[in-house]
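*Asks:* model this:
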Amino acid sequence: MPQGSTNILDEWQCLEEEYLKLQETHRTYLQKLEEISKLQKTCSSSISHQRRRLKEISHLVNKCSTETSDDIDGMKNRMKTRPNAFFEMEAFLPKKNGLYLSLVLGNVNVTLLSKQSKFAYKDEYETFKLCSTVILLLFSCICYFFVSYRFLDAILNFLLVWYYCTLTIRESILITNGSRIKGWWVFHHYISAFLSGVMLTWPDGNLYKIFRNQFLAYSLYQMSAVLLSEWMPVQITSSGRKTQHGSDRGGFSVLDVERADVSFAFPLFWSFLAALQWPLSLQNGSATRL
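*Replies:* Model (predicted):
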């Protein structure tokens, strides 16, 4: 047999051996996946059972509130810590998606099963938000200060709809994975997506021109506020540890994305102001035509 053919057969034999090892590894992987699935169901069922029994015992303790002892007091203190413990356990267990994610993604499991995966997803979210914000801020400045063309406005508004909708989806996934994102943070993104959609579909005319600059100013404020929150100095938490965007990786606060030092009133105030100015713009437009 030629020397070249012998070398090819040797290479094929080595590849066959590697393939057999791969098959065995993959078989083991599938077995572990099945075991993990069973453990997940067992943990979820046990947590539900614990919550139900804890509620029953709390009810009994309330009935016997007049009877106190060191054992009862210790039990009450331990009972207070259980909800947080359950919350941390469930952060690594599959859970049913909320209404918004169910409508957008369906019944897809979006729970990440390791802290490293959660951190990586949160960091990816922050990178996406920062890069998109810089681009949209520059685009908004161009439309607001330099150029006034309807097709450029339409491109900007389309990008804003995409940006805010993407943020709400990613934030919902973060919440599913244990992030304690406050409701106002996500809510003002819903409002911004709605207003961007209104501007995108609004026909060109006097009414659109009246409201255009107000909405662009609102967008500029939003983007500037995001950039400002990204670059604010590191804050000191109540525990004395330094953290930025909840970057204390010893707990689940690392997944929080809103800044605690940015007042919640500002996004809601500007969202409310923009929504309030819409009917006022309609009235001004009607008066102009008259």
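
*Asks:* now the longest helix seen in the chain: how far from the chain's centre is it?
*Replies:* Longest helix of the chain, by residue count under DSSP state H: helix 3-63. Helix 3-63 sits 27 Å away from the centroid of its parent chain (Cα atoms, centre = their mean, to the nearest Å).

*Asks:* and the helix or strand just after that helix, what's buried?
*Replies:* Moving toward the C-terminus from helix 3-63, the next helix or strand (DSSP states H and E) is helix 70-90. Neighbour counts using 16 or more other Cβ atoms under 10 Å place Glu90 of helix 70-90 among the buried residues. Any C-beta I mention is one placed from the backbone N, CA and C, and that applies to glycine too.

*Asks:* and if you look at stretch 125-145?
*Replies:* Buried residues in stretch 125-145, counting neighbours by 16+ other Cβ under 10 Å, are found at 125, 129, 132-133, 136-137, 139-141, 143-144.

*Asks:* for the protein, which spans come out with low pLDDT?
*Replies:* For the chain, the stretches with pLDDT under 70 are 1-4, 65-68, 230-290.

*Asks:* element containing Ser219?
*Replies:* For Ser219, the element it lies in under DSSP H and E is helix 206-230.

*Asks:* and that helix, what does it pack against?
*Replies:* In this structure, helix 206-230 packs against helix 115-141, helix 150-176, helix 183-201, helix 265-289, with contacts taken as 3 or more Cβ pairs under 8 Å, 6 or more residues apart in numbering; DSSP states H and E.

*Asks:* how far is the second one from where the chain is centred?
*Replies:* Averaging C-alpha coordinates over helix 150-176 and over its chain gives two centres that are 13 Å apart (Cα atoms, centre = their mean).

*Asks:* stretch 94-114: end-to-end distance?
*Replies:* This stretch, stretch 94-114, spans 12 Å end to end (Cα to Cα, to the nearest Å).

*Asks:* gap between that stretch and the chain center?
*Replies:* For stretch 94-114, the distance to the chain centre is 12 Å (Cα atoms, centre = their mean).

*Asks:* repeat that for stretch 47-65.
*Replies:* That offset, for stretch 47-65, works out to 33 Å (Cα atoms, centre = their mean).

*Asks:* show me what counts as buried in that stretch.
*Replies:* Quick answer for stretch 47-65 (16+ other Cβ under 10 Å): Ile47.

*Asks:* okay if I get the buried residues of stretch 125-145 as CSV plus distance to Ile57?
*Replies:* Compiled in CSV, those are given as follows (distance: Cβ to Cβ, whole Å):
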residue, distance to Ile57
Tyr125, 39
Lys129, 44
Ser132, 49
Thr133, 49
Leu136, 52
Leu137, 54
Phe139, 58
Ser140, 56
Cys141, 60
Cys143, 61
Tyr144, 60
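
*Asks:* double-check Tyr208 against Leu200; I have them as touching.
*Replies:* No: look at Tyr208 against Leu200 with Cβ atoms under 8 Å: they stay out of range, at 10.8 Å.

*Asks:* now for the residue nearest the centre of the chain: which residues touch it?
*Replies:* Centroid-nearest residue in the chain, with Cα atoms, centre = their mean: Glu171, separated by 1.4 Å. Glu171 is in contact with 125, 179, 181, 185-186, 189, 257, counting by Cβ atoms under 8 Å, 6 or more residues apart in numbering.

*Asks:* repeat that for Val134.
*Replies:* Val134 neighbours (Cβ under 8 Å, 6+ apart): Leu227.

*Asks:* if I look at it, how far off is Met199?
*Replies:* In this structure, Val134 and Met199 are 21 Å apart, going by Cβ to Cβ, to the nearest Å.

*Asks:* just Phe151 next, same as before
*Replies:* Phe151 sits 13 Å away from Met199, going by Cβ to Cβ.

*Asks:* these two: which is more packed in?
*Replies:* The neighbour comparison of Phe151 against Met199 (other Cβ atoms under 10 Å) goes to Met199, with 22 against 8.
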